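Student: Here is my input; please provide its structure:
(4 chains)
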Protein chains: 2
Amino acid sequence: MTDLSQENTGDAALSVRDRHDLMHHEIRQRICLLDYLPGTRLSEVTLAEEFGTSRTPIRRVLARLEDEGLVQSHHGVGTLVTDADIAELEQVYRLRVELTELTARLDPVPPDAKFLAQFDLLVARGAEIIGKGSPRAFTQFDIDVFQALLQLTGNLPLRQTLERLYFQTKRLWLRAAQEAQLDLQEEFRIFQHELEAIQLALRAGDLEAVAHIQRAHISMSFRRLQQAATGA
Amino acid sequence: MTDLSQENTGDAALSVRDRHDLMHHEIRQRICLLDYLPGTRLSEVTLAEEFGTSRTPIRRVLARLEDEGLVQSHHGVGTLVTDADIAELEQVYRLRVELTELTARLDPVPPDAKFLAQFDLLVARGAEIIGKGSPRAFTQFDIDVFQALLQLTGNLPLRQTLERLYFQTKRLWLRAAQEAQLDLQEEFRIFQHELEAIQLALRAGDLEAVAHIQRAHISMSFRRLQQAATGA
DNA sequence: TCATTTGCTGTTGTACACAAATATTCAACA
DNA sequence: TGTTGAATATTTGTGTACAACAGCAAATGA
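Tutor: Alright, predicted model coming up:
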């Protein structure tokens, strides 16, 4: 009778885990979109009020974010959004590069028609963002593309690991790029080109090529950042 | 003046995070040594009493274990140690195989004299266990060897990922091996041989060889398990 | 005899009060 | 004027009572 009690009724009757996941994704998103800059203090009571709950579930979510390395709690001080230098970033980037290549080798999932259509929409959206998009809109776009491409591997632990590493680096990349006065418009264009290359490879069903393009994108993106940082 | 207030005083004046880590490692160890078999219900109140605290910190630890995939909480039911079939295990194993090879490629840390001495002790201990060791003692030994070899890479995110994946598979391997009636004594001997091979490679300073031996060990270990499972 | 209901019991989830810890402020004093 | 120290405010950590939920068994009725 009430088999679908979890999915209907809008947002009121969600399961416990779903509620937690929702808050987790929301806060993680804010950190990555730089709504919360590194060093920002996240107040448990403020978040609790905003999400209409008590501190307890919020603390559950913040604990998870702490395990993921995005925040750090200090007794008597607060919960601060973490920061990292280029050296730490490099470690994560180099691991991401290798793991990305594994997506095609380990458990590749051939894209179906629905996926291809979804990706076409993304490419079209990217073309719009190039002209008038803000860094924030671009980052949001980057997140969406990343999560779409993640569906191309059926290896769950690999997906979870890649997702974790992605969010560890993305937010810091944007800030570091701004600090290094990297030409963001140029970065957007490069990303769009790579997206179109991926689109072609997808249509050809060549997942290895997709992975290689992604790999090159991640690697070169960090290299440009590194050069800009040391140059400036 | 009180700079060392975190390390001294035995075990009473530990930091919050240290206390949590201690309980986390203890419970994780119990799961891996099969003190808690898959399906076991972990009672929050019982654990709280055992560790001399309230449910709150225990829940913090169990939440982390749930994020790591070792337990799963159900409202109104309990917190159960998770289980997995061979198919899921295979995904984790194949990822571990690839990541292990990365330890030598990404940020290899040459072993110092202290490390080599420590490893010699491990090899000696392994020789003893072969004769009279229980499956439990062997698993404990395997954990210690794994954590020692983890020090050979300086890439922190890689270490964390490998550790997470290791504990996801190890406990299930032991149970599956027992179910498949795998010859554990033979497995012990094989492991000891590989350990001695690693010892040689370490002395030669050839970290790539160390990684390759480990890689082969993980891969073949799972293959034997798979064959025994399908055969029986 | 079987199906359904109802209450009981035990579990995790949530809310809140309090403890512990730290940063800040401001006054006293050399 | 600079420095020290205590009071205070704010934050996270902990303990605990209660709510929400699931499972089970006994009671109930046809």
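
Student: So A:Phe138, which state does it fall into?
Tutor: Taken by DSSP: H, G, I helix; E, B strand; the rest coil, the conformation at A:Phe138 corresponds to helix.

Student: Next, the contact list for it, please.
Tutor: For A:Phe138, the contacting residues are A:129, A:184, A:188, A:191, by CB atoms under 8 Å, 6 or more residues apart in numbering or on different chains. Quick note: C-beta positions are derived from backbone N, CA and C, even for glycine.

Student: show me the contacts for the first one.
Tutor: This means A:Ile129. A:137-138, A:141, A:188 are the contacts of A:Ile129 under CB under 8 Å, 6+ apart.

Student: From these, keep the buried residues only.
Tutor: Listed as buried from those are A:138, A:141, A:188; burial here means 16 or more other CB atoms under 10 Å in any protein chain shown.

Student: What is the nearest of the residues you listed to DNA strand C?
Tutor: Nearest to DNA strand C out of these is A:Phe141 (CB to the nearest atom of the strand; 32.1 Å).

Student: Tell me how far A:Val16 lies from A:Leu22.
Tutor: Applying CB to CB, to the nearest Å, the value for A:Val16 to A:Leu22 is 11 Å.

Student: ok, and for stretch A:47-55, which residues are buried?
Tutor: Within stretch A:47-55, the residues scored as buried using 16+ other CB under 10 Å are A:47-48, A:51.

Student: which one of those sits closest to A:Arg28?
Tutor: A:Leu47 (12.8 Å; CB to CB).

Student: Leaving out sequence neighbours, find the closest residue to A:Leu184.
Tutor: The shortest distance from A:Leu184 to any residue other than its chain neighbours is 5.8 Å, reached at A:Pro135 (CB to CB, 6 or more residues apart in numbering or on different chains).

Student: need the contact list for that neighbour.
Tutor: By CB under 8 Å, 6+ apart, the residues touching A:Pro135 are A:174, A:178, A:184.

Student: Please report which of those residues has the highest neighbour count.
Tutor: Compared across the contacts of A:Pro135, A:Leu174 has the highest neighbour count, 21 neighbours, by other CB atoms under 10 Å in any protein chain shown.

Student: Now do the contacts for that residue.
Tutor: Going by CB under 8 Å, 6+ apart, A:Leu174 touches A:32, A:34, A:135, A:139.

Student: In JSON lines: those, plus pLDDT and secondary structure.
Tutor: Supplementary listing: those in JSON lines, determined by pLDDT from 0 to 100; DSSP: H, G, I helix; E, B strand; the rest coil:
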{"residue": "A:Cys32", "pLDDT": "96", "secondary structure": "helix"}
{"residue": "A:Leu34", "pLDDT": "95", "secondary structure": "coil"}
{"residue": "A:Pro135", "pLDDT": "90", "secondary structure": "helix"}
{"residue": "A:Thr139", "pLDDT": "93", "secondary structure": "helix"}
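
Student: Those residues also near DNA strand D: which ones?
Tutor: Near DNA strand D, judged by CB under 7 Å from any atom of the strand, there are no entries from those.

Student: what's the domain layout of chain A?
Tutor: Under the assignment automatic domain parsing, the domains of chain A span A:16-81, A:86-231.

Student: is it true that A:Glu88 lies in a helix?
Tutor: Yes: A:Glu88 sits within a helix when classified using three-state DSSP.

Student: ok, and the closest non-adjacent residue to it?
Tutor: Distances taken as CB to CB, 6+ apart put B:Leu156 closest to A:Glu88, at 7.7 Å, once the chain neighbours are dropped.

Student: so that neighbour makes contact with A:Arg94?
Tutor: No: applying CB atoms under 8 Å as the test, B:Leu156 and A:Arg94 come out as separate, 11.5 Å apart.

Student: more neighbours, those two?
Tutor: Set side by side, B:Leu156 and A:Arg94 show more neighbours around A:Arg94, with 20 against 14, by other CB under 10 Å.

Student: Strands of chain A, residue ranges please.
Tutor: For chain A, applying DSSP state E gives strands covering A:41-42, A:71-74, A:78-81.

Student: Many thanks, have a good one.
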